[in-house]
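1. Model the following, please.
(2 chains)
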Amino acid sequence: MAINFKKMVVGRHAYAKAWKERGGGKILGYFETYFPEEIAYAAGVLPVRILAEHEPDLISDKWIYGACYPVKDMANQLLLGRMDYINGLVNTEGCQWMFNAYEVVTNNRPGLFNHYLFLPDYTNSATSKDVLRSELDVFKTKMEDWTGNSITDEALDNAIEIYNKNRVLLRRICELRRAQKPVITGSEYMHVLLADQIADKAEMNVILENYITELENREPGRDTLRLMLIGSETWDSGLEELIESSGGNVVIDELDNGTSYFWNNIYPQKDRLMAISLRYLDRPHNPVKDSNWRRRPEHIFRLAEDYHVDGAIIQKQIYCHLHGTDNYAVWRLFRERNMPFHYLERDMFVPKEETALRIEAFMNMLREGATRLAGWHKKALI
Amino acid sequence: MEHEYWKWPESSAGFDNLGRSGGDTVTVGVDVGTTSTQAAVIGGGALLGYSSIHTGADFKKAAENALNMALAASGVARGDVSAITCTGFGKENIAFASKTIDEIHCHAKGARFMFGTEVRTVVDMGGQTVKAIRLFEWDRVRDFMLNDKCATGQGRNIEVLCNLLHIDITEIGTKSLEAEKDPEPVSTTCLAFANTETFGLFGRPEFKSEKPSEAEIYAGCLFAVAWRIIGVIGRLSPLDAGDIKIDGALAFTGGLAKNPGITRRIERELGITALTGEYDPMLAGAIGAALLP
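-> Numbering: from 1, shown residues only, chains lettered A, B, ... in the order given. A predicted model of the protein is given here:
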C-alpha cells in the first residue's frame, strides 16, 4: 500500500503521543536542523522538529516582532499548546529568529526542560571542532541528567548507525530525482523530508525502505522542466505544487530542511562526540555558517549541474535576513555562469496569484529557450 | 456625485487601416488587470483599435466590455477574429480566450511593438505589480523581477492618494515636478505608511512656520513610489554591486508610465531617458497578447 507522507505530517502530533505511550520516553522539540539528534536519541529521547503551520498568529506577534512568519508560528504552535506532548526544547546556534522563538517559549514555559547548544558559526576555524565537541559533551551530560539514562558508547554507536542509515535512504530517494522522468515529484519529496523530521528514525528507516521499493516499481513520471529550489526553509509543499501545476518539477533543492539535512554522514571514530562534531561542521551550510568561506554558491551550482536543472527558483521567506543577505552571492554566480533563475519573496503562505504569475512566466522563459540561449546546456540524463 | 480624483479616463480608438489587406489575420489581446482592462486589435501587423477601461469587481464583464469596445472602434466583427489571447491577473476567468499567457511575455512583446526593437529593458508599472523585464537583443525574455510584498499596489496607491489629496490623477505627476527640490520620500517600505506619512507632512512641527507646498507633498509621495520601482529594476542589474545599470534602451509600460512624476524621477536616478512611443503605454500587455496568438 502506498505510503502517504503528507498524512504522516498532518498526523504528527498523534504519532508523537502514540510513540510516548508505547515506550514512555521523553520528547524533545528542536528548532534548527543543525541540532545533533543522535545524542538525544542515544538517551532514549525522540527528537521532533517543530514545524510551522498555517495558523493565524494569535500569540507570538507581541513577543517576536519583525521575524519571518514561519518562525513566529513555530513559537505560536508551542505557546498554543499544539505540541503539549514535548518535555523539552532545544535550540542550536543558527538562525537568530529561531533563537528568539526558543527564548520566547522557554520564558513563557519555565517548567519546560531547555538547552541552548552552541554550534560555532565559524565552522572551519582551527578550534571549531573542539569547541563543538565540548558543547556536545555538555549536552550529553545534560541529557543523561534529564533522562536518568547513561549515554554509553554502544548507545551512541546505535544512534549514529540509525541516523546514518536514514540519511543514506533519503539520499537514495533523492538520487531517483536525477532521472529524466523522475518517479517522484518535488511536492511528494518535500513531505518525505518533513515526515522524516518528526518520526523515530528507526521506524522511519523501515518506512523508507518499503517506500524505495515502491518507487522502484513505479512507472516513470512526466518529462518536465526541471527546477531547483533554493533559499529559506519551507514547511509545506505549496510552491512545489504550484510549479507542478505549471508543468515543471522540483528535482533538487538546497534547503536547510531539504538536502542539507541529510547530505553528509557521520564517519565513525573512537571519539564519538568528535565524529558527530565533524559531521555537523562539514554539512552543507546555510548562509549564517558560511560567511567567511562562501562555499554555499558553489555547492548550489554543483547540485544544479548534477541534477541537470533547467533553472532555479530562489525563494526567501519575508524577513529572512540570512538568505536576504546571501542572495547576492548566489545571483552573481548564476549570472556569471548563465544559469536562469527567478527570485521571489514569500510568506508562510504562497501568495497564489502573484507567485503563479512568476512561475508561469519563468517556465515560459525556459520553454522558449532561455536555457539554451543562455548557454546552459543539458547534459545527457541518466 | 463627488468628484473622483483617482479616476483616470477610459478610452477607445480605431486607427486608419487603409494599408491593411482584407485577408489579413486579425487577432485580439485582452489584458485583464487588477485595476484596468485593455483590449487591442491587431491586423496585418498594425494596431487597428483598442480600448482601456476600469476593471471593477467583475473580470468577465470587464473583459467582455473591453473586447466589444475595441472591436467596435476597429470596425472589426467578432467573427473575423482568428484568436483572442488573454493575459493579466483575471485571465483565467475569461471563457472566450483561445489562449492565456503570462503578462511578462506580453509586456515584453508589446513594448517592442510600441517602442521599437532596440528595447532591452521593459518596466511595467501597473496597479498592483511592478515588473522589470530584461530582453535579449532579439525577441526573447532573458530575465525578469517582480516587486515583493512590501512594494506592491503602487499604481493603486497613487489612486488612493489622489482621492485623499483631492488632486486629479492626470495632474499629480506634472504638479509634483513643480517642486524646486524633491523632499525625502515619505516611506520606502510600505504604501499604507506612505499614506499616513503624507498626512503627517501637514502637521509636522518643522513645517509650522512654513508649510510644505502642494508640489513638495506630491513630490514626496511620487519619489517614494519611484524609489521602490528603482529597487525592482536594480535586481535585474547584471553583476556589479555598485550603480544600477540598464542594459540598452529602456521602455516604461503600464498606467504609471503616464505619470511624469514617476518616470522623470526614475530617469533622473538611473541617468537614462526612456523611449517614447505613439501609443498609450497601458496598452502594452494587450498588444503583446494580440501578437502572441
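2. got any ranges where chain B has weak pLDDT?
-> B:1, B:17-23, B:149-153, B:188-189, B:203-210, B:237-243 (pLDDT under 70).
3. residues of the biggest helix by length in it that come out buried?
-> Ranked by number of residues, the top helix in chain B under DSSP state H is helix B:214-234. Neighbour counts over helix B:214-234 (16 or more other CB atoms under 10 Å in any protein chain shown) mark B:214-233 as buried. All C-beta spots, glycine's among them, are computed from the backbone N, C-alpha and C.
4. Would you mind trimming those residues to those in range of chain A?
-> The subset of the buried residues of helix B:214-234 within reach of chain A, by CB under 8 Å from any CB of the partner chain, is empty.
5. Where does the stretch 101-250 of chain A get nearest to chain B, residue-wise?
-> Relative to chain B, the nearest point of the stretch 101-250 of chain A is residue A:246 (9.7 Å; CB to the nearest CB).
6. Residue A:127: what's it in contact with?
-> Residues near residue A:127 by CB atoms under 8 Å, 6 or more residues apart in numbering or on different chains: none.
7. Quick check: pLDDT value at it.
-> pLDDT, residue A:127: 95.
8. burial measure for residue 280, as a count.
-> All of this refers to chain A. Residue A:280 has 23 neighbouring residues, counting by other CB atoms under 10 Å in any protein chain shown.
9. You answered for a different chain; I wanted chain B.
-> Residues near residue B:280, counting by other CB under 10 Å: 19.
10. Distance-wise, check the nearest residue to it once chain neighbours are set aside relative to residue B:128.
-> Spatial nearest neighbour of residue B:280, excluding adjacent residues (CB to CB, 6 or more residues apart in numbering or on different chains): residue B:52 at 6.4 Å. Distance of residue B:52 to residue B:128, given as CB to CB, to the nearest Å: 17 Å.
11. And those two? Which one has more around it.
-> When neighbours are counted by other CB under 10 Å, residue B:52 and residue B:128 differ, and residue B:52 comes out ahead with 24 against 17.
12. quick one: strands adjacent to the host helix or strand of the more buried one?
-> Using DSSP states H and E, residue B:52 falls within strand B:46-54. Paired strands of strand B:46-54, with direction, are strand B:11-14 (antiparallel), strand B:36-43 (antiparallel) (DSSP bridges).
13. Can you list the buried residues in it?
-> Those would be B:47, B:48, B:49, B:50, B:51, B:52, B:53, B:54, for strand B:46-54 by 16+ other CB under 10 Å.
14. follow-up on the earlier one: verify the contact between the residue of the stretch 101-250 of chain A closest to chain B and residue A:363 for me.
-> Yes - counting by CB atoms under 8 Å, residue A:246 touches residue A:363, with 5.1 Å between them.
15. If I look at the residue nearest to residue A:207 when sequence neighbours are not counted, what pLDDT would I see?
-> Once flanking residues are discounted, residue A:207 sits nearest to residue A:3: 6.0 Å by CB to CB, 6+ apart. For residue A:3, the pLDDT comes out at 87.
16. What is the neighbour count of residue B:93?
-> Residue B:93, neighbours per other CB under 10 Å, totals 17.
17. Chain neighbours aside, what residue packs nearest to it?
-> Residue B:93 sits nearest to residue B:59 (CB to CB, 6+ apart), 4.3 Å away.
18. Also residue B:169?
-> residue B:162 (4.5 Å).
19. now do residue A:247
-> residue A:224 (5.7 Å).
20. For residue A:355, see how far away that neighbour is.
-> 18 Å.
21. Make CSV out of the strands paired with strand B:46-54 and add distance to residue A:236.
-> Shown next, in CSV, are the strands paired with strand B:46-54 (distance: least, CB to CB, whole Å):
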stretch, distance to residue A:236
strand B:11-14, 44
strand B:36-43, 33
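22. Where do the strands of the stretch 151-293 of chain B begin and end?
-> B:249-253 (DSSP state E, counting those that start in this stretch).
23. ok, so of the buried residues of strand B:46-54, who is nearest chain A?
-> Chain A lies nearest to residue B:54 out of the buried residues of strand B:46-54, by CB to the nearest CB, at 19.1 Å.
24. shouldn't the closest one be in contact with residue B:38?
-> No - judged on CB under 8 Å, residue B:54 makes no contact with residue B:38 at a distance of 10.9 Å.
25. need the residues of the stretch 51-200 of chain B near chain A, please.
-> Counting by CB under 8 Å from any CB, the stretch 51-200 of chain B sits next to chain A at B:89, B:101-105, B:129, B:136, B:140-146, B:148-150, B:152.
26. again, only using 7 Å
-> Counting by CB under 7 Å from any CB of the partner chain, the positions of the stretch 51-200 of chain B adjacent to chain A are B:89, B:102-105, B:129, B:136, B:140-142, B:144-146, B:148-149.
27. Which of these ranks first by neighbour count?
-> Busiest of these [other CB under 10 Å] is residue B:103, holding 31 neighbours.
28. For chain B, give me its nearest residue in the stretch 1-150 of chain A.
-> Closest contact between the stretch 1-150 of chain A and chain B, by CB to the nearest CB, is at residue A:69 (10.9 Å).
29. In space, what's closest to that residue - neighbours in sequence excluded?
-> residue A:348 (4.1 Å).
30. Quick check: phi and psi on that neighbour?
-> Backbone torsions for residue A:348, taken as degrees, to the nearest 10, come to phi -60, psi -40.
31. residue contacts, it?
-> A:52, A:54, A:69, A:70, A:73 (CB atoms under 7 Å, 6 or more residues apart in numbering or on different chains).
32. residue nearest the centroid of chain A?
-> residue A:257 (0.5 Å; CA atoms, centre = their mean).
33. if I've got this straight, that one is in a strand?
-> No - counting by DSSP: H, G, I helix; E, B strand; the rest coil, residue A:257 falls outside a strand, being coil.
34. returning to that earlier point: so what's the residue of the stretch 101-250 of chain A closest to chain B up against?
-> A:359, A:360, A:363.
35. three-state assignment of the nearest residue to residue B:28 once chain neighbours are set aside?
-> Excluding its sequence neighbours, the residue lying closest to residue B:28 (CB to CB, 6+ apart) is residue B:84, at 4.7 Å. Using three-state DSSP, the three-state assignment for residue B:84 comes out as strand.
36. what's the distance between residue B:84 and residue B:101?
-> 12 Å.
37. what do you get for residue B:184?
-> Counting by CB to CB, the separation of residue B:184 from residue B:101 is 40 Å.
38. for chain A, what are the low-confidence residue spans?
-> Along chain A, the model assigns pLDDT under 70 to residues A:1, A:350, A:370-382.
39. Quick check: residues of it near chain B?
-> Residues of chain A lying near chain B (CB under 7 Å from any CB): A:318, A:332, A:335-336, A:343, A:345, A:353-354, A:357-358, A:360-361, A:364-365, A:368-370, A:373.
40. repeat that for 8 Å
-> Looking at chain B, the residues of chain A close enough under CB under 8 Å from any CB are A:318, A:328, A:332, A:335-336, A:340, A:342-345, A:347, A:351, A:353-354, A:357-358, A:360-362, A:364-365, A:368-370, A:373-374.
41. related to what we said a few turns ago, contacts made by the strand holding residue B:52 with the rest, please.
-> B:7, B:10-15, B:17, B:19-20, B:26, B:35-42, B:62, B:65-67, B:69-76, B:113, B:279-280, B:282-283, B:286-287.
42. Tell me the helices and strands packed up against the helix or strand immediately after that strand in the chain.
-> From strand B:46-54 onward toward the C-terminus, using DSSP H and E, the following helix or strand is helix B:59-74. Applying 3 or more CB pairs under 8 Å, 6 or more residues apart in numbering or on different chains; DSSP states H and E, one finds that helix B:59-74 contacts strand B:11-14, strand B:26-32, strand B:36-43, strand B:46-54, strand B:81-87.
43. now for those, which one comes closest to residue A:209?
-> Residue A:209 lies closest, by CB to CB, to one member of the helices and strands packed on helix B:59-74: strand B:81-87, at 48.2 Å.
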